[in-house]
Structures are given as C-alpha cells and as structure tokens.
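1. Following is a predicted model, sequence given first.
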Amino acid sequence: MALMITRSRILLKCTGKLRLFSSNAIPKSININEVDYETNEHWTNVTPSIVSLTDRSLHVHESHPVSILREMIEQKLNSTDKAFNIYNNFKPVVSVYDNFDSLGFPEDHPGRSKSDTYYVNDKHLLRTHTSAHEMKCFKDIKSDQSSSNSGRSGFLISADVYRRDEIDRTHYPAFHQMEGARIWKREKALNSNKEPQHIVQLRKDIKKLGDQLEKEETKLIVEDDKSLEGNPKQDYMTELEVELCQQHLKRSVELVVSEVFNQKITSMKNSNVADIPKELKVRWIKAYFPWTAPSWEIEVWWQGDWLEVCGCGLVREQVLLNSGFEKDSTIGWAFGLGLDRIAMLLFEVPDIRLFWTMDERFHTQFIKGKINPFVPYSKYPGTLRDVSFWLANDDNAIEVHENDVMEIVRNEGGDLVESVKLIDEFTSSKSGKKSLCYRINYQSMDRNVTNEEINEIQEKVRDELVNKYNVELR
Ligand code: DAH
C-alpha cells in the first residue's frame, strides 16, 4: 500500500503513439466535485468511471465499515488529551505541488508517473495519499499558535485516495487513508538543571499512552528495531528529542492497533468463534519516506500473515518550514494508515469491491459504532476469459505499463471484473516477439452475469488493446 513501494513493472512494448485516454478524444474539460478542470492531452488520464467515485465519500457514511473504523480510531486517539483536529471533507483533486513537491518527492520518483497516478491535467491530480493535506493542516496549527489561541497540536485527516493499480480482491483504484500528525513547540531550558518544557511535556504524554496501553485486555507484543543505522535522524533534533518523539509516535500507533484488534477480539468472543488470538504481535520495520526521517512501518500478525498497517516517521523540518513554522521551533511526527484492508478484516469483507457496491444487502448489515462480520448474501459464479497477444519488438516500440492494461479492462468491465492476472509470458525464439496472456475473472457481487454480456465486454477489451497499443491478438 505504501506509495513508495511500486509494483514490479512488466513493461509491454508496443508500437504507435501511446494514448492514455481511450481512442475517443479527451474532452476539453472535466468536471470533478463541481469544478471544471481543463484537460491536457499529454497528462489527462482520469476516466469517467474513476471520476464517478470522487463524490462517494464512503468514509463519512455513518454505517459504512470504513467510516465505523475511522470513528473508532479518532475517538481512541482523542481520548487522552484531545490533541487532534479532525478533517474529513477534503476534496480529492489536489495540486501536484501539494501531493508531491511540498513533501520533498524527487522529480523522478516513480509515484509521480502517469502509470501509477491519475492526472486531471499537468497541474492537478487525484491525491494518491492523505499526506497531500499535511501542509494545509500544519498551517492551521501554526495560525492557531500565532493568534495565541492555544489550539490543538495535531490532526487526523481521513479521505479517499486514488492509484492506478492491479485488479484483485484487495486492490481497487480508490481506497481510504487516515493521516495523523502531532507536534511540540521547542522551548529552551531556562536553567541547566531543569529539562526544557517540551521534553517534560513529551514525557508526560508518553506516560499517558503507556497507561492506556496497559489497560487493554489482549496485550501487544512489540518487536522494535530501534537502531538508526541506515535510517538517520535529522541534524536539527537532539538525540533525546528523537528518542522521545519516536516513542510517542510508536505508542500512539500501537494504541490504534491495540484498540482496533481488541475490539475485533471482543466481537469474536461474543460470537463464540474458535481460535481467538491470545496475544497480538506487532513489529516495527525501518522505512523510507521523502518527508520523514527517521521513518518506520508497523506490521500486525493476524491469522497467519503480517499485515502492513501504517507508515510513519518524524516530520522533516523542511515540511514544517514550508508550512510557516520558524527554523528550529518545532518537532513532530506523522503517520499514514490504510483503512480498507483493516476494515475488510474487521468486518470479514472478502472483496474490496463490496465497499463500493450500491446494493442495500451490503449496507444494511452495519451500524455506527459496531463491528460485526459481513454475511454474504449470495455467491454468484465467476466466468474466466483469457486474452493473449504478441507485443511488437521493433525499434519504435513504446513502453507501456501493466497498469494500462488493467485500466482498459476496468474501463470496459467496471466492477464486474474480480481480478486480472498475467498467467503466461514467453518470447518466441524465431521472431523474438514477446507473448503475454492475461486471465480475467468476471464476477458480479450482486447478480448473475450472462455469457453474452461477458463476451461483449471481452470483445471490447480485445479491440481496445489493439486500438491503443497496437498489439497482435493471438
Ligand atoms: N503517505 C504514505 C503512503 O501512502 C504513508 C505515510 C508514510 C504517511 C509516512 C505519513 C508518513 O505521514 O509519515 O504510503
């Protein structure tokens, strides 16, 4: 899920001009959330089906699993000292500056590429992460401080985010994240026998988190890689500040994990499930993000797998300076947490597409504040179709990302596509041409599909592959 982790690229070579929109011309402008954006033929790659997701705001529908989880985390994090401002209504179109530049992404970072990101035009895109709003929210804290309105010292932002990606039960082009951050104003010690005020405050804040963690019924077993080797601290922070800030960050995230999984365990106990976990194992791993240093990820051991939950770190001073804080004045941390995978596991939702269904039989099963397992209303059979083709291998070939193939299938098949997998790949020793075969599983969550309608979609997928990428169908 981490933006920084890009998928292995299977680059298809194709001849002809790479057209990111369908063979139809791109409209002059696109309306998203009631704003008209001019398009740009080299950049625009959002499609109507993606635009239609941008006004759903599932994370604020009270009885939606993603919203229930969001509220649970907000309540827990604000239960000790109400430190966090809450933002749930940011719109998904943001500037390239906010999504990447303000956070120090290098020009050549793969996250910026058109194969990974939905661009509205050359200056706007559908946010790929909630970190895009960090600067605005840091500025709000700063202006509260300046107006001597003591205000809060942190924020939580939840929102839908968008990435071009593969298609399977856990990947959807839109999903949800929660961003969190907390800062402390640095104070100079008045006399050398006394610790500066922010250090005293950090110690108190850490103690409060520790006390809360102690109260949880199923305890966390934490494996923590604390060495800063290859994960260096920033020069402007002292070693003690790094140590305390990091402890506060880690205990805060652990509190979230502990709350969420303890609630799941309680709900399992109430429904007499066998195999209830007796302990919760988590591990901290070093990571890299352009706007934090040092950085980590946390994983949770759940039903036999390590689940990647959240990336985080100590905010780079440049981000704080971009937000208007004075040099050396402030230290803090930030995290970004993926909500959908956790919600799938809490509510036992087997396919991420269900979150987006309009079917009442899904939505009436959940209520605000409660975790209960989803009861499948019916299982409709899937139907497989393969598409095989040769790629051109001449010198004019242009590289195309696998996500472009995914996008064609998604455009034609919409939510009827359960998964798309590359099942065969070889290069002919005679012609030197490469052959690929993708297997598409068409399966509706809400109804039976007919062979005729699937054949029609499959034909369009084949046509589009030829139209756009000039492949030779086999
Ligand atoms: N934005 C990152 C992602 O989407 C997650 C993240 C990592 C957010 C570290 C943070 C952070 O605020 O400090 O993968």
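-> Yep, that arrived.
2. Can you name the residues of the stretch 301-450 of the chain that neighbour the ligand?
-> Selection of the stretch 301-450 of the chain residues close to the ligand by C-beta under 6 Å from any ligand atom yields G311, C312, G313, A334, F335, G336. The way it works is simple: take the backbone N, C-alpha and C, and place the C-beta from them, glycine included.
3. Quick check: the closest residue to the ligand within the chain vs E412, distance?
-> Nearest residue of the chain to the ligand (C-beta to the nearest ligand atom) works out as G336 at 2.4 Å. Going from G336 to E412 by C-beta to C-beta, to the nearest Å gives 32 Å.
4. So for those two, which residue has more residues nearby?
-> Neighbour count, other C-beta atoms under 10 Å: between G336 and E412, G336 has more, with 24 against 21.
5. For the more buried one, give me its contacts.
-> H129, T130, S131, Q177, M178, E179, G180, C310, G311, C312 (C-beta atoms under 8 Å, 6 or more residues apart in numbering).
6. The same query, at a cut-off of 6 Å, please.
-> Residues counted as contacts of G336 (C-beta atoms under 6 Å, 6 or more residues apart in numbering) are S131, Q177, E179, G311.
7. now swap in R70 and tell me
-> Contacts of R70 by C-beta under 6 Å, 6+ apart are H59, S158.
8. can you rerun that using 10 Å?
-> Taking C-beta atoms under 10 Å, 6 or more residues apart in numbering as the criterion, R70 is in contact with 58-60, 64, 86, 88, 156, 158-159, 176, 178, 337, 339, 343.
9. do R283 as well
-> I221, V222, E223, D224, D225, W296, E297, I298, E299, V300, W301, W306.
10. If you count neighbours, what's buried in the strand or helix carrying the last one?
-> Using DSSP states H and E, W306 falls within strand 305-315. By neighbour count, and taking 16 or more other C-beta atoms under 10 Å as the criterion, the buried residues in strand 305-315 are L307, E308, V309, C310, G311, C312, G313, L314, V315.
11. hmm, back to that, reformat the contacts of R70 as JSON lines; add secondary structure and neighbour count.
-> Shown next, in JSON lines, are these (DSSP: H, G, I helix; E, B strand; the rest coil; neighbours: other C-beta atoms under 10 Å):
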{"residue": "L58", "secondary structure": "helix", "neighbour count": "20"}
{"residue": "H59", "secondary structure": "helix", "neighbour count": "26"}
{"residue": "V60", "secondary structure": "helix", "neighbour count": "15"}
{"residue": "H64", "secondary structure": "coil", "neighbour count": "22"}
{"residue": "I86", "secondary structure": "strand", "neighbour count": "15"}
{"residue": "N88", "secondary structure": "coil", "neighbour count": "16"}
{"residue": "L156", "secondary structure": "strand", "neighbour count": "24"}
{"residue": "S158", "secondary structure": "strand", "neighbour count": "27"}
{"residue": "A159", "secondary structure": "strand", "neighbour count": "25"}
{"residue": "H176", "secondary structure": "strand", "neighbour count": "25"}
{"residue": "M178", "secondary structure": "strand", "neighbour count": "25"}
{"residue": "L337", "secondary structure": "strand", "neighbour count": "27"}
{"residue": "L339", "secondary structure": "helix", "neighbour count": "25"}
{"residue": "A343", "secondary structure": "helix", "neighbour count": "26"}
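12. Now tabulate the residues you listed in JSON lines and tack on pLDDT.
-> Conversion of these to JSON lines gives the following (pLDDT from 0 to 100):
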{"residue": "L58", "pLDDT": "98"}
{"residue": "H59", "pLDDT": "98"}
{"residue": "V60", "pLDDT": "98"}
{"residue": "H64", "pLDDT": "98"}
{"residue": "I86", "pLDDT": "97"}
{"residue": "N88", "pLDDT": "98"}
{"residue": "L156", "pLDDT": "98"}
{"residue": "S158", "pLDDT": "98"}
{"residue": "A159", "pLDDT": "98"}
{"residue": "H176", "pLDDT": "98"}
{"residue": "M178", "pLDDT": "98"}
{"residue": "L337", "pLDDT": "98"}
{"residue": "L339", "pLDDT": "98"}
{"residue": "A343", "pLDDT": "98"}
